[in-house]
Each structure stands twice: as C-alpha cells, then as structure tokens.
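Asks: got a predicted structure here, sequence first:
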Number of protein chains: 4
Amino acid sequence: MAQLKRVGVLTGGGDCPGLNAVIRAVVKTATRDCGIEAYGVEDGYEGLVEDRIRPLSYDDVSGILTAGGTVLGTSNRGSPFGYCEPGMEEQGPQDRAESAVANFRKAGLDALVCIGGDGTLSVAHRLGQQGIPIVGVPKTIDNDVCETDVTFGFDTAAQIVADAVDRLHTTAQSHHRVMVIETMGRYVGWLALVGGIAGGGDIILIPEIPYSLQSVCEAVRERGRRGRRFSIVVISEGVRPPGGDYVARQRVEESHEQLRLGGVGVWLARTIEEMTGIESRAAVLGHLQRGGTPTARDRVLATQFGREAMAAAARGEFGVMVALKGNQITSVPLEKVAECRRPVDPECQLVRAARSVGTSFGDD
Amino acid sequence: MAQLKRVGVLTGGGDCPGLNAVIRAVVKTATRDCGIEAYGVEDGYEGLVEDRIRPLSYDDVSGILTAGGTVLGTSNRGSPFGYCEPGMEEQGPQDRAESAVANFRKAGLDALVCIGGDGTLSVAHRLGQQGIPIVGVPKTIDNDVCETDVTFGFDTAAQIVADAVDRLHTTAQSHHRVMVIETMGRYVGWLALVGGIAGGGDIILIPEIPYSLQSVCEAVRERGRRGRRFSIVVISEGVRPPGGDYVARQRVEESHEQLRLGGVGVWLARTIEEMTGIESRAAVLGHLQRGGTPTARDRVLATQFGREAMAAAARGEFGVMVALKGNQITSVPLEKVAECRRPVDPECQLVRAARSVGTSFGDD
Amino acid sequence: MAQLKRVGVLTGGGDCPGLNAVIRAVVKTATRDCGIEAYGVEDGYEGLVEDRIRPLSYDDVSGILTAGGTVLGTSNRGSPFGYCEPGMEEQGPQDRAESAVANFRKAGLDALVCIGGDGTLSVAHRLGQQGIPIVGVPKTIDNDVCETDVTFGFDTAAQIVADAVDRLHTTAQSHHRVMVIETMGRYVGWLALVGGIAGGGDIILIPEIPYSLQSVCEAVRERGRRGRRFSIVVISEGVRPPGGDYVARQRVEESHEQLRLGGVGVWLARTIEEMTGIESRAAVLGHLQRGGTPTARDRVLATQFGREAMAAAARGEFGVMVALKGNQITSVPLEKVAECRRPVDPECQLVRAARSVGTSFGDD
Amino acid sequence: MAQLKRVGVLTGGGDCPGLNAVIRAVVKTATRDCGIEAYGVEDGYEGLVEDRIRPLSYDDVSGILTAGGTVLGTSNRGSPFGYCEPGMEEQGPQDRAESAVANFRKAGLDALVCIGGDGTLSVAHRLGQQGIPIVGVPKTIDNDVCETDVTFGFDTAAQIVADAVDRLHTTAQSHHRVMVIETMGRYVGWLALVGGIAGGGDIILIPEIPYSLQSVCEAVRERGRRGRRFSIVVISEGVRPPGGDYVARQRVEESHEQLRLGGVGVWLARTIEEMTGIESRAAVLGHLQRGGTPTARDRVLATQFGREAMAAAARGEFGVMVALKGNQITSVPLEKVAECRRPVDPECQLVRAARSVGTSFGDD
C-alpha cells in the first residue's frame, strides 16, 4: 500500500451503463483516499499498445457519474494478444503485448484497473501473467461473468428491456398480435429472462433451455383459447432455431440465411405467423440496451466496484477481480474468471418463478 | 343537436399513443355533457362490417387516459372498400360497405367518430358519402395528415426517438462510431426531423430532401477533422438509396434486396462504413415508437380532440375532421383531408433551425 | 446585418429546462451561419453589471442540448434597475444600469440576446431604451409571457406534473385518499391546468377561476357516491383561500399563517380532510418542475427560438422578442411583452375540455 | 401441502411499488401450480376484521404486474391489536382480533399471506400466535425489515430519489445554490444513502450517523473553495437537529416548532443559508417515493417473493417471512422479524464507498 504511486484505468469491450461511474470511483478513491495519481488509458487495450495514456484528476471525473458511455473511450479490438486486425500485420501479437507492458512501465504505473467483460478480463489475466499488477472490474449487460452475483450494467439493460416490453405490450394487445422482442445475450439468457419476467413476457426463450416451435405456438394458441388474443415473446439473440423436429429442421437451413440478415427475432416472428396464422411482429432492441444513463442500482454498484478495486490495489492485492457476493463486495482470483461464462441454471428460482406466473419457456 | 341520441366511436390503423385518451374524451363528453349514449366499434372498420358494436359507459373509459393502445382494438385491415383480404372473396367490397352502413343503422347510431390516419380518414370520407354522419380525429405518429398543424401521437413518438438518440449517443461517442437510427415515416420525414433535432442528430435524412452518399460521408469526415470521432445519423424508413451518382447506382440494385431484409438504416450503416472506413452500426426503432403511455402534450391534445369531435357531432356538424390550427381546435372538411398527405417543406423553419445548429441533410 | 460582429447572450430568472438549448442555438447560428462572435454573460444581469463576460465558441456549446440548467449561470437578483440587494447600497440603481451599458460597450458587443421570463424581459426592454440592441427569448415554466402561444420549458414542467400525478394516483387509489398536488404558478394556472388534464386530475384549482371549498368538497363526496373512494386535486401555488363564505372566512385568517409555512397545498389537504373526514395528503412539487433534461418538444422549440433570435439580430431587428404563433416563430415588440402577464381564459377550450371529461374547477 | 385448499392475501401499511406484482405471483402460483383457491382481503387487516374477503381468480390479477398501488387496497390503520381508532371504542382490541380469526375461518382459508412492513409483519406474527397460518412478505421503501437483504419497493424508491437529485442538480448548479432533498426514512437512512450515492450527493445525512451543522457547512464551504459553487444535500426525514454544539442547541428549541411544519429538509436549508450566506432551497419528495410503476428489479423481486411465499404455504411452512439472502429467496422465522428494525451500519461498504468518492456525512 505504501509504495503504490500511480494507477492506470481502462475500459474494454462493448458499451455498458456505469463505466463512467466506475472510472469516477477509481480516480476519486485513488486521489482522495490514497494519495495516488490516476492515469486513464484511452480506447481500452488499444491505448495501452499505442501509448495513449493521460493523467486523470479529481476534477476530470467530476460530474460523469450519471453519463452513459466512457470518457476514456473503448474498443472491441486492440487486444495485445491473439488476433490481428487487418492492416496490423506488421506488428505481431507478441510485439503488441510487449508494447503494452513497455508502455505501462514507461508511464510509471504500478497497477492497472481493467473494467470489462469476459474478453477484457481474460486479456487482463494474461497481462497479469506478464507482470502487470491487475485488478479487474466485471462489466457486461449480459451478466455472464463468473464468480460474481451480478455485473454492473445489467440492471440498466434489464430495465430497458422491461420498458420496451411495456411499450410493445399495448400495441400487441390493440392489434391482437404476437410481438417478439429480441434482446442481447449471445451466449446466456440473463437479460431475456430478467427483462422478460419484469415485462410480464408470456414466452421467454433463452439459450440455456432447449425449446420447440410446436411448444411455442401451442403456448400462443392456448392463450387465445383463454381469451388472450396477443402474446409477448422475449428471446435472446443467442437462441438458435431448434433442430429437434421435422418442420423446424427444414427451417434450419433457410433460417441460417435469414438469421444472418434479420436476426433470430425476425425469423421467429415470421415462423410463428406461418405456423399459427396470427399476425406477428419483431422488435430488435440492439444497441438501445447498451447506452444511456445507468439506473440508481448500477450507479451504486459501479461506485462500490470502483472503490473496492482501488482499495484492493492500495492493499497490494493483484490478479483479482472485484465481485458481488450477496451484499458484500469481495475479490476473486482472475484466473477463475478468465475463459469462463456463467449461464442461467434452468432449475434456478428465477426460472421457477417465471413458470409459476404462467410464462412458457417453449419446453413444455 | 337535439336529435343526437347515440354516437359510435372506432379506432383504425396502426397503434398510436393517445387513442384511449380520445375514446375517453368522446365517451365522457357524450354521456356527461350531452346526454348521448356512446357505443364502441371493435377493431376498426372490421367491427363495423362484422357488427361488433357494444355500449361504452362513463365507467368503461375511466382510468384509461394514460394507457397506451386502444381498448376498442384496431386493425390495419377491414376497410369496407377497396381491397380484399385473402379468404374474404365471398364478400365483395360493395357488400362490405353495405354491411357497414346496415350495422351502423341497426345499432341505432346517429353519428360515428373515426379516429385514424390518412387511410382511416379516407374510408371515413367515403362512408360519409354513403350517408353515415362522420367526425374524424387525426391520428398518426407520422404527422402527415393534412389540414391540421399536428396529429396526436406524434409528440410521444418524437420523444421516443429523442430518448433513443440520447441513449445511442453515448455508445457512438465511446466507440468512435457512426450510429444510424431509423425512425418510422414511410412517406414523410416529420418524425426523423423533429426527433433528430431534439436528439442533436448530426445528419438527418428525410424523404422530402434528396441527398447524396458523398455528402453524407463528407459530413461524417468533416466532423472527424473537427475532432468529433463519432456521428449520429437519423433517417426515415421512407428514404430510398439515391440514384444520382455512379457508386450509389451500383448500390441501388443490391440495395433493393438488402432493404427488403434489414431496412434502409442497416443499408446506410454498411454503406457509410464501406465508404469512410469508420465503424458504423444501425438501430431500427420500429414498433417502439407506436406504443406505451402518451406524453403530457399528447394526452391533452387527444382529450381536446375527443371533446371537440363530440361537440361537433352534438352540433350536427358532420363530414369534418377536428384539427389543431395554432392554439385552437377547429374543424375542417373531410374531403380536404382524404387522399392527402402533408410533407415537410424543405424550406421550413424547422429545417432551417436544424441547419443553423450544424445538422446536415446530406444535400450540401 | 453587415455590421453585426459580436453578440452577447444571457439567461435570467429561475431555472428552466431548455436554457442550454437556446444558448447552443444562438451561439451555433452566430458562429456558423453568420460569422459573428458570441459572448456569454454570466449569471444574468449580475454578470453584465459586474463585467463577467466571456467568449463562447462553437465547441463550448457542443453537447449541452440535453443538459438541464444553464452553462452561463443565472440569477434572480442582479437587475440593473429597481431594487437593491442588501450590501449593494453603495451602488445605486442608476449606477448599475450605467455599468451594464458600459460593460456591454466595453466588450464590443453589438447585440444582446436576453433569455428569461417577464422580469428578465421587462429589464431587457428598459436596457433597450438605454441603447442596447435587444432580442428577447421567452422562457418560463409558468407559460405566462404575453404575445407568444407558449414559452420553452413549459412542456417539460407539464410533463413532470403529469408524471407526478401518475405516481400519486396509485397511492391515492390504494389508500382511498384525497391527494393534493401543488404545482408552480404564482400568478397563472397554466401548469396546474395542463399538467392536471394530462394526469387526469379530478379537481383543478387555478388562480383565474374562483372556487369555493364547499364545491371542492362536494366534488370529492360526489366521486365517493359514484364508487370512487379517492380524488386527485391539482392546485397552483398561486391559488388563495376563498373569502366568499362563512366557513372559509374564518379559515382565511388562520390560513395566512399556515400558507406561510406549508404552502397552499398542505392547507387545502388539511381543510378537505376536516370538512369531509376523508384522509388527505399533499405533495408539493416545487423545484422538481424546474430542472433536468427538457422534453423533445422543448428542445426543438428552444433550438428554434435561439436560431430565430440570432436571425433577427443578424437582420438588425431589435427591441423584439421571438414568439411562437401557431406553427411559426415570429417576433413581437418587447414593449408589448414587458410588464404583462398572460392568464388562462376561464372560457378557453382547454378548460372546457377538462370540464367535459369530468374535472371540477371548484366553481360549480 | 396436500390439504391446503384456500389461501388469503392482504397488503398492509403504506403504499409501495410492487404490491400488485406480489399479489399476482401469489394468486397465479396458487391457482396454476398448486390448484389452490386464492382470496383477497380488502384494505389490509381492516378487511379481515370487517369480513371483506373476496375470491381472486387468475384473470383478476392479469395485467397488474406493472401497476403501482394495490388492487386489494391497504390501510395504515385497522390492526386487530393494540390501538383503537376514534369511533371504534364499541369494539375493543380483543374483539377485533377475535373477529379477524373468526372471519379467516368463516372464509374457509387455510393460510394467509401478509405483505407489509414491520408493523404489518408484527401484527402477522401475533395473528400467527392466535392460530392463523401465516407467511409474510417484506415490503417497504425504507428497507428496514430485518432478516432480509432487501425489501421490494426499495429499488424503485431509490431510483425516484436519484432521478429527483439529477433534476435538482442542474438547478443548484445554475443558481449556485445549496439544494436540500428530504427523502423518506423515519428511522433508518437506507433511502437517503442509496439514492444519495446514486445521485452523487455531496452531503448525505442519515439517522444512523450523528452529524454537526459546523461540519455540514464546512463541507459546503470547502466545495466553494474548490470552485464548486453549489452543493447537493440528501437527508432522511428521520434525521433530527443535532444537540452537540452551542449554536445548534439554540436551534433545537425553535426547530421543534419548525420541524412540525415544514420538515427537517426545510429547516436544514434555512439553517445552512443562515450559517453560510449561500442561497439554499429544500425539496421534500414525500409520497412521490411511494407510488407508480416498479423498476424491473422490484417487479422481479416481488414476483419471486410472491411465488416463494405461496410455495412455502403449499409446503405447510408457516410463521415465516420470505427473505432475500444473497441471490436466493429463503424463509426466516417471523418472530425474528417482528418488533425489529434493520439500520445502516455506519462502517458498511456503502458508506465507505460514498466517503471515498467525496461524500460528507457531516461527521468529519
């Protein structure tokens, strides 16, 4: 703790509500509590490789708590390892990693706070192995980072999904339609699940629970028989057309082409309309789930994460990620987080609660 | 006024925030002020043709002011004129129109309040010619009904566009991207224009102002030269790929296929990325713009429209549509509204104001 | 137009959503369209008297469209005329006015855009008489500026009132209570009227329509007889206890003391509870109505006002205020605006519409 | 589990976002999963004593997920124990308790789900001792129920506080003012703490941390010295004027009178203005924190609580309250919850995080 003098902070991967709140908490905690100088790395690892590192003062981070995005910029590219961008061939991965470490040392940094999802945190773990003292902060609207109950950004994204479902609900009802809402979630279904429960979705389809089209359409028809002439379907983008039945199998081939173009939500709306004869529409929420001001809960969680990340660094505790366990912020080894993804357990309380209030997961 | 005893009300066309507020005002004004019985026609003209008409009491419309959608249901189909749905061949258009008039008389109605956009109002005009006393109420999020300054629903839709632009703005900025936001507006650009100004869009493309891809890309690059590494483009769904230049002409052919699938927003984002090398993404707002609770302004406007429509009916003033002119609700002949569409004037104050604050319309 | 080289802009009076949007439009229009340098005066007239004037570049106003408040600061004090603040006695009003004019000249300004309500605009008119070329922009959440259909900021404030009424509605209903919501509006009732209609207020009390407590309580009881065990009352802060009846006259005296402390909303809730025996609560919205991001409509209106104000200045048109008339921004003589206030006409369409949907104004 | 046939549900105490979501989950789980009939008790314990109990079907609770308030009604009065309302003297507490039990049996109920805060849950515990099989659900925007990490309704209230702080922030900044925001929280500071951190409050005062006026004013002045001409103070309604210093002691006496009238927020704003000379204003959020649609998180939590409460009843597990511990819903003995209140620990991570980002608790 005594020897820590300069800490760097970077944000990697996709946009996520609360990034600025973490940056603010790291910088304020460093400069105010710990007498440590803070430096910002621009555009994620890209800025580390390219030596774009600048001082961040207490005033620089004043007033950014509520702002979406990240004042540091971010990048989905720029990893010092692994893959190369076109036009970067002149500099191989190893050179890039060496540049990253060299720039870190040149800037006189003693520690690096890496805010990001599984990709960013995996890179952070490898940088740690190369000698950079790392503290990770789990960020993603997908909520799939291991070893933490939740990531910041997820609550805001779930709120956006719920708000969208509320809006689309009245249209579905007025027009007696099936409305399919496609959420983010390439690998896990947290966002569709939680946003879907919050919005009162009638059918929720997530990658973790295999479904059949027959079951989905039967749930729609069953609602019709009970006097509900509309249905709300919430589906993760990561859901794939099912292969377990004849009709669907035919579809799989055509669907690959269609999925590439319009997404799984558009495909599902068309398919339900064909199979049930009920007018169906799709809404793809896309980047709307990533931006804007964070919810109160995400602002608080991000502030706590930033504070505890800096506290860990000040204690000399590296190679870890801050994490929420119950009501406590704690820290976990980065190696347990890297290359790992936390799926929805199909038997968990959330899924059971959704089923109890009448939601179908297309697996009945 | 003395002889009016029963008024019917129906909502036609796409969903629109404020429909319930109009229904409530019509029914409350009828039953409370005028001692007139109110009846609701279900699912637009479909319910008129199929004789689905039911009484609406003061209590039936209590508490619906803030609710999106329409308690009467609506339909994009069901016109008693013109086109036939598959499976309806057994009943020709003329039969349908006769059914509509017959059901109107059978229910003992003296007047019909038709709430809808240009399609619904054109049908209303023709029903009027067949002897049904009509009062129209201009509804559409597109704001393209003639002879009124504004339609209810538009303010809410514009607010939704502005909120979406706000959200996407931070992501564009953090990732140094071009973000293309596609709004509704098949024929007119009001929604992209007003939502775009409200969101501070850097480039706004509307059907009324021809644009070139060169000019759009130059606006993006010019921002880059001034240190803005991102741009926000707001585009009406009704904008078509331009045909005025060689590069674009090539694109037109491929684009027709693409437009069919992903929409003009997706096409434009890809094109800008190809032409400028700057990462670009699209967000298609779609049905999110149609549903949910109306803004305060739309609630008030819808209430006024409903009240004045009923007042016109009570005065025996038919074949008219209520309209906003300045600060006054007035009424205009339906025949001037039918088969008419109100575009944005490219020289109007709104466009000039947008240009003055730096917005490009792709026509420089 | 040729000779205009430097324009100043200031914001005076209370906070209001859209101030930054006007400043942005003035500065961008000046620097971009007209090649004119823009200067900001800090904290309203205070900054003019105290010579706190600084250049404003295109970049200075970038990104402030959506932000509440004013980057220039504002002040309710600081008028160069009329009244003196404690501690300012050494400098009399005449000195202050002379300082204002002298500082204006010293800064080399050719025109001054004054954004404010009736107070600010009246001072602007007097400064104009002292030789400063003035263009006014009508700002106030109260909507009481003469010669314009509406002021910017009002739509946002009305939306906030409607949102608050929505929230309080469920509590009133669940608890079978009377809920009194006090809005701003010291002299006029626009905000209570429009926010009240939008929120579905059962009783709306505004300064322009005299009311009796008997009538208010009877409206509450009548609702109870029709099965509504709750009522929503929206009241302008400017409403005073009525003096027209014996019970109330007694109350007037005690009420003066109470009004001083808790406001008219608190007084009314207590009085209704005493007179009807129904549990009643008050919510005073206060400054919540003044701040935060503007609605889409206010952002657009503010942008148009700012643009047209600068255009008027560039045309050499001074001693005017920009105004909305119907759908057009126009300009009106400042002298017609100064010392003037626009009340609600008790016979206007808005009031009639509210009555038609069952709202009582306490005057039945 | 086999023998459970009829379950009753009631909501007690103040309004709280999510009540309807719990009711819906209880009723849907009962009727769908468990084949149990559900009954609603009106207006909390009042309805139990007065025998106002009615069947609730699956359809009765359809569409209420997003609605604020409670379809069952609630009451702060009506406890079958303890205190008597005026006019209820003819029926003593013991009679009332006996009526409650008798009505429960008469309706053929086998279990009662009581949704409420500490008051409601304490009464539930006593009813349990009288032989009614009880499952409690912890509700309160104050978040002070023991043995659960959080109550439903709190997240929504904290979001409302944060939104209000956001709004007031711009006004404070534009006018260079101190803005005091008074939140609910008569005994505990959770709402001021979490809402205050989320809103970036500069000073947060809660009942659990003693403060001095000198320290508060010094924090305001210190901000001024660092160029911040405004401050945001968030204060729980339960905070009392401090008695630890001379100046304040004088104030305590006058303040008791003032507190009775305008609340502690108004008192504090006046006091800060007197002590620092900086213009100060207060905003009292009051009932705005209790109503309206719940956040996504509260909708999900309420749904889970309702489902697990019904599941506990179906298992024959009574005399318990459902509770959130970490990520799991569990159940705890009601006797540990009754007559208990969970305060903020002044040394907890939340308080430490707030201090690290520069928030003063007035105790420096």
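Replies: Thanks, I have it.
Asks: can you give me the strands for the stretch 151-300 of chain A?
Replies: Taking DSSP state E, counting those that start in this stretch, the strands of the stretch 151-300 of chain A run over residues A:178-183, A:203-205, A:231-236, A:280-284.
Asks: packing partners for the first one?
Replies: In this structure, strand A:178-183 packs against helix A:154-175, helix A:190-199, strand A:231-236, helix A:246-276, strand A:280-284, with contacts taken as 3 or more Cβ pairs under 8 Å, 6 or more residues apart in numbering or on different chains; DSSP states H and E. (Each C-beta comes from the backbone N, C-alpha and C, glycine too.)
Asks: dump the strands of the stretch 151-300 of chain A to JSON lines, plus mean pLDDT and mean neighbour count.
Replies: Converted to JSON lines, those look like this (pLDDT from 0 to 100; neighbours: other Cβ atoms under 10 Å in any protein chain shown):
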{"stretch": "strand A:178-183", "mean pLDDT": "97", "mean neighbour count": "29"}
{"stretch": "strand A:203-205", "mean pLDDT": "98", "mean neighbour count": "28"}
{"stretch": "strand A:231-236", "mean pLDDT": "98", "mean neighbour count": "29"}
{"stretch": "strand A:280-284", "mean pLDDT": "95", "mean neighbour count": "23"}
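Asks: in JSON lines, list those strands along with distance to residue B:28.
Replies: Putting these into JSON lines (distance: least, Cβ to Cβ, whole Å) gives the following:
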{"stretch": "strand A:178-183", "distance to residue B:28": "30"}
{"stretch": "strand A:203-205", "distance to residue B:28": "37"}
{"stretch": "strand A:231-236", "distance to residue B:28": "30"}
{"stretch": "strand A:280-284", "distance to residue B:28": "32"}
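Asks: in CSV, could you pull the C-alpha coordinates for stretch A:99-118?
Replies: Taking Å, rounded to 0.1, in the frame of the first residue of the first chain, the C-alpha atoms of stretch A:99-118 are listed here in CSV:
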residue,chain,number,x,y,z
SER,A,99,4.4,-2.8,-26.3
ALA,A,100,1.6,-2.9,-23.8
VAL,A,101,3.9,-3.9,-20.9
ALA,A,102,6.5,-1.4,-22.0
ASN,A,103,4.1,1.5,-22.2
PHE,A,104,2.7,0.6,-18.8
ARG,A,105,6.2,0.8,-17.3
LYS,A,106,7.1,3.9,-19.3
ALA,A,107,4.1,5.7,-17.8
GLY,A,108,5.4,4.7,-14.3
LEU,A,109,2.2,2.9,-13.4
ASP,A,110,2.2,0.5,-10.5
ALA,A,111,-1.2,-1.1,-11.1
LEU,A,112,-3.9,-1.3,-13.8
VAL,A,113,-7.7,-1.4,-13.2
CYS,A,114,-9.3,-3.2,-16.2
ILE,A,115,-13.0,-2.7,-16.5
GLY,A,116,-14.6,-5.1,-18.9
GLY,A,117,-16.4,-8.3,-19.7
ASP,A,118,-15.0,-11.8,-20.2
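Asks: in that stretch, which residues are buried?
Replies: For stretch A:99-118, the neighbour count (16 or more other Cβ atoms under 10 Å in any protein chain shown) marks A:99-101, A:103-104, A:107, A:109-118 as buried.
Asks: which residue is it, in chain A, that comes closest to chain C?
Replies: The minimum distance from chain A to chain C, using Cβ to the nearest Cβ, falls at residue A:293 (9.5 Å).
Asks: tell me the pLDDT at that residue?
Replies: Looking at residue A:293, its pLDDT is 96.
Asks: next: the one 3 residues further on.
Replies: Taken from the predicted model, the pLDDT recorded for residue A:296 is 98.
Asks: wait, it touches residue D:154, no?
Replies: No - counting by Cβ atoms under 8 Å, residue A:296 stays clear of residue D:154, with 10.2 Å between them.
Asks: around chain B, pick out the residues from the stretch 201-350 of chain A.
Replies: A:261, A:262, A:281, A:282, A:283, A:284, A:286, A:287, A:288, A:290, A:291, A:292 (Cβ under 8 Å from any Cβ of the partner chain).
Asks: between those, which is nearest chain D?
Replies: residue A:292 (12.6 Å).
Asks: and the nearest residue to the closest one once chain neighbours are set aside, how far from residue C:10?
Replies: Excluding its sequence neighbours, the residue lying closest to residue A:292 (Cβ to Cβ, 6 or more residues apart in numbering or on different chains) is residue B:167, at 3.6 Å. Note on residue B:167: its distance to residue C:10, by Cβ to Cβ, to the nearest Å, is 32 Å.
Asks: do the same with residue A:124
Replies: Between residue A:124 and residue C:10 the computed distance is 50 Å (Cβ to Cβ).
Asks: now residue A:49
Replies: 48 Å.
Asks: now residue A:133
Replies: 52 Å.
Asks: kindly report the same for residue A:323.
Replies: Taking Cβ to Cβ as the criterion, residue A:323 is separated from residue C:10 by 51 Å.
Asks: show me which of those two is the more surrounded one.
Replies: Higher neighbour count among residue A:323 and residue C:10: residue C:10, with 29 against 24, using other Cβ atoms under 10 Å in any protein chain shown.
Asks: am I right that that one falls within a strand?
Replies: Yes - assessed by DSSP: H, G, I helix; E, B strand; the rest coil, residue C:10 belongs to a strand.
Asks: where does it land on pLDDT?
Replies: pLDDT at residue C:10 comes out at 98.
Asks: kindly report the same for the one 10 residues further on.
Replies: In this model, residue C:20 is scored at 98, pLDDT.
Asks: again with the one 3 residues further on
Replies: On the pLDDT scale, residue C:23 is placed at 98.
Asks: thinking again about what came up before, so the residue nearest to residue A:292 sits against residue A:68, correct?
Replies: Yes - using Cβ under 8 Å, residue B:167 is in contact with residue A:68, at 6.9 Å.
Asks: re earlier: for the buried residues of stretch A:99-118, which one is nearest residue B:357?
Replies: Distance to residue B:357 across the buried residues of stretch A:99-118 (Cβ to Cβ) is lowest for residue A:115, with 34.1 Å.
Asks: how about the helices and strands packed on strand A:178-183 in JSON lines, adding distance to residue A:139?
Replies: As requested, these are arranged in JSON lines below (distance: least, Cβ to Cβ, whole Å):
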{"stretch": "helix A:154-175", "distance to residue A:139": "9"}
{"stretch": "helix A:190-199", "distance to residue A:139": "14"}
{"stretch": "strand A:231-236", "distance to residue A:139": "19"}
{"stretch": "helix A:246-276", "distance to residue A:139": "24"}
{"stretch": "strand A:280-284", "distance to residue A:139": "23"}
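Asks: run a quick neighbour tally on residue A:39.
Replies: Here the number of neighbours of residue A:39 (other Cβ under 10 Å) works out to 20.
Asks: separation between the residue lying closest to residue A:199 once chain neighbours are set aside and residue B:54?
Replies: Closest residue to residue A:199 apart from its sequence neighbours, by Cβ to Cβ, 6+ apart: residue A:165 at 2.7 Å. In this view, residue A:165 and residue B:54 are 29 Å apart by Cβ to Cβ.
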